[in-house]
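A.B. asks: need coordinates for the below:
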Amino acid sequence: IAQRPSDIDVIYLYGYGWPNWRGGPMFWADNEVKLPTLLRTLEDLHRQHPDTIYFVPSKLLRKCVDMGIGVGEYYERGLNKQSDKDKQVALSKL
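C.D. replies: Predicted coordinates:
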């Protein structure tokens, strides 16, 4: 079970042959593609293919885009372990 995005990156780098110069799929999405672009693409694909759940954006992706942070930063800040009220307080300090 992955505890943070970098765990997923390591599995893809060493287990699936993901190109190491991209840093893993989670790093790539956060830093090269950018999450708002990924979200728009998934929403477009979901509109084109509404009968499949494959392209439904995750709640985490939507949260990160709404907060203006990457998935890596979300976990680094410990937001995955906080209550919704604590998250709002943490974000108000940005």
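
A.B. asks: any buried residues in the helix ranked longest in the chain, and which?
C.D. replies: Across the chain, the helix with the greatest residue count (assigned by DSSP state H) is helix 35-48. By 16 or more other CB atoms under 10 Å, the buried positions in helix 35-48 come out as Leu35, Leu38, Leu39, Leu42. Any C-beta I mention is one placed from the backbone N, CA and C, and that applies to glycine too.

A.B. asks: what do you get for stretch 5-19?
C.D. replies: Within stretch 5-19, the residues that count as buried by 16+ other CB under 10 Å are Pro5, Ser6, Ile8, Asp9, Tyr12, Leu13, Trp18.

A.B. asks: identify the residues contacting the helix or strand containing Lys63?
C.D. replies: If you go by DSSP states H and E, Lys63 is part of helix 59-67. Where contact means CB atoms under 8 Å, 6 or more residues apart in numbering, the residues beyond helix 59-67 that reach it are Leu35, Pro36, Leu38, Leu39, Leu42, Gly70, Val71, Glu73, Tyr74, Leu91.

A.B. asks: for the longest helix of the chain, what does the pLDDT average out to?
C.D. replies: Averaged across helix 35-48, the pLDDT comes to 97.

A.B. asks: what are the ranges of the helices in this protein?
C.D. replies: Taking DSSP H as the criterion, the chain contains helices spanning 5-15, 25-28, 35-48, 59-67, 71-76, 84-92.

A.B. asks: pull the shortest one out as PDB, backbone CA atoms only.
C.D. replies: Put plainly, it is helix 25-28. Listed in PDB are the C-alpha atoms of helix 25-28, where the atom choice follows Å, rounded to 0.1, in the frame of the first residue of the first chain:
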ATOM      1  CA  PRO A  25       4.100   9.300 -12.800                       C
ATOM      2  CA  MET A  26       3.100  11.300  -9.600                       C
ATOM      3  CA  PHE A  27       6.200  13.600  -9.900                       C
ATOM      4  CA  TRP A  28       5.600  14.000 -13.600                       C
END
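
A.B. asks: now the most centrally placed residue in the chain. Nearest residue, chain neighbours left out?
C.D. replies: With distances taken as CA atoms, centre = their mean, the residue of the chain nearest its centroid is Val71 (4.1 Å). In space, not counting the residues next to it along the chain, Val71 is nearest to Pro5; the distance is 5.0 Å by CB to CB, 6 or more residues apart in numbering.

A.B. asks: cool, thanks, talk later.
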